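Visitor: Predicted structure and sequence below. I'll ask about it afterward.
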Protein chains: 4
Amino acid sequence: MNAPADTPQSAPAAPGVARRGQPGRALRQRQRILDAAERCFIDSGFHAATMDHIAKTADVSPGLIYRYFDSKSAIVRAIIERHLENEGCRLVDEHDQSQPLCEHLLDVFECWRRGADPKLSAALLLELTAESTRNAELAEFIRGHDRLVGKSLAARVRREARSRGARLTAADAHGRAVILQCLVEGLASRAVRDPTLRRQTLRAALEQVIAALLR
Amino acid sequence: MNAPADTPQSAPAAPGVARRGQPGRALRQRQRILDAAERCFIDSGFHAATMDHIAKTADVSPGLIYRYFDSKSAIVRAIIERHLENEGCRLVDEHDQSQPLCEHLLDVFECWRRGADPKLSAALLLELTAESTRNAELAEFIRGHDRLVGKSLAARVRREARSRGARLTAADAHGRAVILQCLVEGLASRAVRDPTLRRQTLRAALEQVIAALLR
Amino acid sequence: MNAPADTPQSAPAAPGVARRGQPGRALRQRQRILDAAERCFIDSGFHAATMDHIAKTADVSPGLIYRYFDSKSAIVRAIIERHLENEGCRLVDEHDQSQPLCEHLLDVFECWRRGADPKLSAALLLELTAESTRNAELAEFIRGHDRLVGKSLAARVRREARSRGARLTAADAHGRAVILQCLVEGLASRAVRDPTLRRQTLRAALEQVIAALLR
Amino acid sequence: MNAPADTPQSAPAAPGVARRGQPGRALRQRQRILDAAERCFIDSGFHAATMDHIAKTADVSPGLIYRYFDSKSAIVRAIIERHLENEGCRLVDEHDQSQPLCEHLLDVFECWRRGADPKLSAALLLELTAESTRNAELAEFIRGHDRLVGKSLAARVRREARSRGARLTAADAHGRAVILQCLVEGLASRAVRDPTLRRQTLRAALEQVIAALLR
DNA sequence: AATGAATGAGGGTTCATTCAT
DNA sequence: TATGAATGAACCCTCATTCAT
């Protein structure tokens, strides 16, 4: 993340490295709070989640949170940044070669549908996107992230096409990448709106669509 | 508010304006409030929108709202119902024969992207979906709606396939319909996350994908 | 009642005695409203009873009430005045000779306990007394009423004593009258606090006490 | 508020004042709020007393009250419980042997009449009784309390009678106890309705009545 | 005389944030 | 570093009262 704006206040653990002041403790605390906030945001949404609830979940006092974050919205920002990082990585880079894209998407869908992994929460993804309509800074940030992902996707689309002997223009590859993004975000929406949906139901049509895009 | 069109403010009242005793006034007021609420929900989200703000937008007193709605959440419910109705109709039934599905989707996308028509707000769609994760009643309602839309889509998919000489099983048609829903919801997400996106960018890939689904 | 302050606004039914403007209609409306208010005050208390509820109970519009009363507290005042009138009359004057005082008190108690007759409501009596601690005007009014009742009671006590050959000083008679008032108001309190209480339970002890006071 | 005695306002804080970290502070705050609420309830009644007013009287912020009580009605409940405890104790158990019952009642009456001691407020007693007509839970609670007091009174009546050589049936003793309760509650009503009443005025008749009941 | 829609002040309550310890 | 009590601005909602009809 290129976020120099959000480093923990200043130099809190400055002189010496005293008893309880082990190095890294501050970061660990910060992490605890973020984890708790993520849990709360997923459960209640950004607005309905209260600082008290986050504090309780993190097992710290409400006051302490303000040592690590300027405000609630700073936490929201941090969560969103963290979430986008993960999402991007997993989707394109990490799983590039391990399995067919379709199966990977179905895995992600399953994860979203079950809501078990806080790192991969469809609820958060939707919440975050909705929030971006009211927060210019966040919108800009998301756009930047999406562009990167888009590029990566476009490259992959192009590679796949080439490996099949086809030549795609940059614009073509870009268009297909965008539609792929639609598809992914649409799967998140579906996972939330119909948790009874099974991956088998999706597979055939999803494979066809992906094939059409990677052809 | 910057709505000089319909203010029943001064004593004599302009001609054509709904005056106290006129029939239908109650419904018009209700509508007025709903419209204001929709605007506010789009601008601020369900939670952040305040009754006072809605009242101001509707140019009525806060107290009056409670003559027409039991509570804020009743307004949310009403807005969501209204929104879902519109969405469903437009997408499948109304526009069935007028133009190619791809063009229709691109129209809807444009509408979402520009955010001009409150009746067709991507922000609201996302908000609503996110909200459904925390509101069982709403979730059930949405699920019901989605099932209907899904059925209609599946039927259309089947018809199209048959007109091309292909035979689809019910399961196949259903799967494709679901992926179509993903696509639509994904377009909403895209419209919000990248308002610079042009329909030309989407067209080619979207056409391919739709072709693959209706084949 | 010596209340010149509360006559219905001014001369509303002034010229002629037109169609619906039968004489006495205004007073009948006023009465309707008062009856409804009484019912509501007994059911909900002075503060919790709303003008809307009173209006509904009286089957008139909220606005109309303000043609007959200046404010809600004016209604409270009127109800209290009416209530005190009734109470005083019944207790001493009306039933003077018909039956033994003890039986009469037990009748009143029964009435209070069952809460059937709005004209004789223990709840209202308590509410009214409590209210008088915060309303000087009302307190004064009640005090005046109580003095009258006290006088009447004292006279009766004296008469009874004399009929038994005893001579009571004015102070003695007054003291006994006050204790009688205590007893009556205490019965109201009991009626409210223990609606399972039966008159048989009270009779013997009540008789003894009254005998001691009238001896 | 005109309470310069215990304000923890300025930074250093006077010695002997409860400072943030001290043990028992929470209970003292709770008490503080209850005392303020009691004052407000006596002055304005349960309904008319506002949380803001209570907060101001207690010299705390409105929000803080909710750290110690769930709701306004929880405060009402607490006040009522506290009040009933005091009332019951004082009346029968505590003062059993110290002085003649008559004198004790006259003391209580004086206290009520002057309205100085919030722990012994006739206004609150009436308010509370009136409230019980609309609050089933409260009514049940009061009934339970009254039964205990009634038992205690009946026992005392019986003892007194026996000490005079009389044998009372349980029913007789119970009846007399109830009438005693009437008398006490009636005195509260009188104290409110006629604050000019002097104890001398009551003494003779009250003694007679009590004698008749304890004979 | 009568309606009932409309007002708006103020009610109880919540919660992000601060501060004394 | 950490606590959690304390603050106070706003929130949703109610209701006595007014006003156009």
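Guide: It's in.
Visitor: Kindly report the domain assignment for chain A.
Guide: Domain ranges of chain A: A:21-69, A:79-215, per automatic domain parsing.
Visitor: I'd say residue A:54 and residue A:37 touch.
Guide: Yes: look at residue A:54 against residue A:37 with C-beta atoms under 8 Å: they come within range, at 4.9 Å. C-beta: built from backbone N, CA, C; applies to glycine.
Visitor: coming back round to it: export the domains of chain A as CSV, with columns for mean neighbour count, mean pLDDT and distance to DNA strand F.
Guide: Shown next, in CSV, are the domains of chain A (neighbours: other C-beta atoms under 10 Å in any protein chain shown; pLDDT from 0 to 100; distance: least, C-beta to the nearest atom of the strand, whole Å):
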stretch, mean neighbour count, mean pLDDT, distance to DNA strand F
domain A:21-69, 17, 95, 2
domain A:79-215, 18, 92, 14
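Visitor: what about the ones you listed, which gets the closest to residue C:141?
Guide: When those are compared by C-beta to C-beta, domain A:21-69 sits nearest residue C:141, at 51.0 Å.
Visitor: what's whichever helix in chain A runs longest packed up against?
Guide: Counting by DSSP state H, the longest helix found in chain A is helix A:136-163. In terms of contacts (3 or more C-beta pairs under 8 Å, 6 or more residues apart in numbering or on different chains; DSSP states H and E), helix A:136-163 is packed against helix A:72-88, helix A:122-132, helix A:170-193, helix A:199-214, helix B:170-193.
Visitor: Identify the residue of chain A closest to chain D, quick one.
Guide: Nearest to chain D in chain A, going by C-beta to the nearest C-beta, is residue A:52, at a distance of 11.2 Å.
Visitor: so what's the closest residue to residue A:153 other than its chain neighbours up against?
Guide: Counting by C-beta to C-beta, 6 or more residues apart in numbering or on different chains, residue A:153 lies nearest to residue A:177, which is 3.8 Å off, once chain neighbours are set aside. Listed by C-beta atoms under 8 Å, 6 or more residues apart in numbering or on different chains, the contact partners of residue A:177 are A:150-151, A:153-154, A:156-157.
Visitor: With distance to residue B:182 added, can I get those in TSV?
Guide: Formatted as TSV, the contacts of residue A:177 follow (distance: C-beta to C-beta, whole Å):
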residue	distance to residue B:182
A:150	18
A:151	23
A:153	16
A:154	20
A:156	20
A:157	18
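Visitor: Thought residue A:62 was touching the residue of chain A closest to chain D, still the case?
Guide: Yes: using C-beta under 8 Å, residue A:52 makes contact with residue A:62 at a distance of 5.7 Å.
Visitor: isn't residue A:29 right next to residue A:60, touching?
Guide: Yes: the pair residue A:29 / residue A:60 is scored as a contact, 7.3 Å apart, by C-beta under 8 Å.
Visitor: which outside residues touch the helix or strand hosting residue A:107?
Guide: Element membership for residue A:107, per DSSP states H and E: helix A:101-114. With C-beta under 8 Å, 6+ apart as the test, helix A:101-114 has contacts from A:90-91, A:95, A:98-99, A:117, A:120-122, A:125, A:183-184, A:187-188, A:190-192, A:195, A:197, A:199, A:202-203, A:206-207, A:210, A:214.
Visitor: just stretch A:64-84 next, same as before
Guide: Outside stretch A:64-84, the residues that reach it (C-beta under 8 Å, 6+ apart) are A:1, A:3, A:6, A:8-9, A:12, A:26, A:29-30, A:33-34, A:37-38, A:41, A:46, A:51, A:54-55, A:58, A:119, A:121, A:124-125, A:128, A:131, A:137-138, A:141-142, A:145.
Visitor: could the domains of chain A be laid out in a markdown table, adding distance to residue C:79?
Guide: Shown next, in a markdown table, are the domains of chain A (distance: least, C-beta to C-beta, whole Å):
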| stretch | distance to residue C:79 |
| --- | --- |
| domain A:21-69 | 46 |
| domain A:79-215 | 53 |
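Visitor: Residue A:178 and residue B:209: what is the separation?
Guide: 11 Å (C-beta to C-beta, to the nearest Å).
Visitor: picking up where we left off before, of the contacts of residue A:177, which is the nearest to residue C:168?
Guide: When the contacts of residue A:177 are compared against residue C:168 (criterion: C-beta to C-beta), the nearest one is residue A:150, at 105.3 Å.
Visitor: Residue A:186 against residue B:184, yeah?
Guide: Yes: counting by C-beta under 8 Å, residue A:186 touches residue B:184, with 7.1 Å between them.
Visitor: hang on, isn't residue A:129 packed against residue B:125?
Guide: No: judged on C-beta under 8 Å, residue A:129 makes no contact with residue B:125 at a distance of 10.1 Å.
Visitor: give the contact list for the residue lying closest to residue A:148 once chain neighbours are set aside.
Guide: Closest residue to residue A:148 apart from its sequence neighbours, by C-beta to C-beta, 6+ apart: residue A:88 at 6.6 Å. Counting by C-beta under 8 Å, 6+ apart, residue A:88 touches A:145, A:148-149, A:152.
Visitor: do the same with residue A:178
Guide: A:150, B:190, B:197, B:201-202, B:205.
Visitor: mind listing what the closest residue in space to residue A:138 that isn't next to it in sequence touches?
Guide: Leaving aside its sequence neighbours, residue A:138 sits nearest to residue A:132 (C-beta to C-beta, 6+ apart; 4.9 Å). Going by C-beta under 8 Å, 6+ apart, residue A:132 touches A:138-139, A:142, B:192-193.
Visitor: try it again with 10 Å
Guide: By C-beta atoms under 10 Å, 6 or more residues apart in numbering or on different chains, the residues touching residue A:132 are A:80, A:138-143, B:123, B:126, B:192-193.
Visitor: quick one on the thing from earlier: give the next helix or strand downstream of whatever helix or strand the residue of chain A closest to chain D lives in.
Guide: Per DSSP H and E: residue A:52 is located in helix A:51-58. Remark: after helix A:51-58, the chain's next helix or strand is helix A:62-68, criterion DSSP H and E.
Visitor: Can I get that next one in CSV? Just the C-alpha atoms.
Guide: Output in CSV follows, covering the C-alpha atoms of helix A:62-68 (Å, rounded to 0.1, in the frame of the first residue of the first chain):
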residue,chain,number,x,y,z
PRO,A,62,-12.2,2.3,23.6
GLY,A,63,-9.7,5.0,24.5
LEU,A,64,-6.8,2.9,23.3
ILE,A,65,-8.1,2.6,19.8
TYR,A,66,-7.5,6.3,19.4
ARG,A,67,-3.8,5.8,20.1
TYR,A,68,-3.6,3.8,16.9
